[in-house]
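*Asks:* Kindly generate the corresponding structure for this input.
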Amino acid sequence: MNFKKILSLSLVSLMLGSTVMAAKEQKIAVIDVNKVVAASPQVKALSKSQKTSNAEIAKFVKKAQADIAKQKDETAKKELIAKYDKELAAKKAESAKYYNLRLKELDKNITAQIEQRARAMGYTMVVAKKAVVVSADDITEEMIKVVK
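*Replies:* The predicted structure is shown next:
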């Protein structure tokens, strides 16, 4: 009976010890994700592309408004409005689709770069800085250098 108790206690101690050891082996860092993303040349290029697209759409709207204003016939004016509304919706949808697709790609790319560099630095976990009250290792500046 004592042997079983000793064996049980030994197993429990071993399990608790390995859990504590595993917890000590964790190397955790924090990162300011917004700062890293904002510094990314890829994100800056996408933002510039989106601004260009928005400017083209605004130019299209001005042209459409001018064309509609020139139209004297009410029926023709309504047809023109419908035509331009349809074209505008298509342009906006295409722009949004492209932007969202690129944004998703960039998210995967940036996440992969951060993960690769963090692992190379020996970190087992990287947490968003906003989710942590106290931290020791902030690797934001290092990740800004890494993200291309």
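*Asks:* Which helix or strand contains the spatially most central residue of the chain?
*Replies:* Geometric centre of the chain, nearest residue: D107, 4.2 Å, by Cα atoms, centre = their mean. For D107, the element it lies in under DSSP states H and E is helix 74-120.
*Asks:* Please identify the buried residues of the helix or strand that that helix is followed by?
*Replies:* Downstream of helix 74-120, the next assigned helix or strand under DSSP H and E is strand 125-128. Within strand 125-128, the residues scored as buried using 16 or more other Cβ atoms under 10 Å are V126. Backbone N, C-alpha and C define where each C-beta goes, glycine included.
*Asks:* Just the mean pLDDT for the helix holding D107, thanks.
*Replies:* The predicted model assigns helix 74-120 a mean pLDDT of 94.
*Asks:* Which secondary structure elements does it sit against?
*Replies:* Under the contact definition 3 or more Cβ pairs under 8 Å, 6 or more residues apart in numbering; DSSP states H and E, helix 74-120 sits against helix 33-39, helix 41-70, strand 125-128, helix 140-146.
*Asks:* Mind putting those into CSV with distance to K86 and mean pLDDT?
*Replies:* What follows is those, written out as CSV (distance: least, Cβ to Cβ, whole Å; pLDDT from 0 to 100):
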stretch, distance to K86, mean pLDDT
helix 33-39, 35, 90
helix 41-70, 11, 95
strand 125-128, 42, 89
helix 140-146, 43, 82
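*Asks:* Dump those into CSV; add distance to L80 as well.
*Replies:* Output for those, formatted as CSV (distance: least, Cβ to Cβ, whole Å):
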stretch, distance to L80
helix 33-39, 42
helix 41-70, 5
strand 125-128, 49
helix 140-146, 50
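*Asks:* Please work out which residues outside stretch 70-77 touch it.
*Replies:* 68, 80 (Cβ atoms under 8 Å, 6 or more residues apart in numbering).
*Asks:* then it to CSV, C-alphas only?
*Replies:* In CSV, the C-alpha atoms belonging to stretch 70-77 read as follows (Å, rounded to 0.1, in the frame of the first residue of the first chain):
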residue,chain,number,x,y,z
LYS,A,70,-25.7,68.7,-69.1
GLN,A,71,-28.6,66.4,-69.9
LYS,A,72,-31.9,68.3,-70.4
ASP,A,73,-34.3,65.4,-71.1
GLU,A,74,-35.5,64.0,-67.7
THR,A,75,-35.9,60.4,-69.1
ALA,A,76,-32.4,60.5,-70.5
LYS,A,77,-31.2,62.0,-67.3
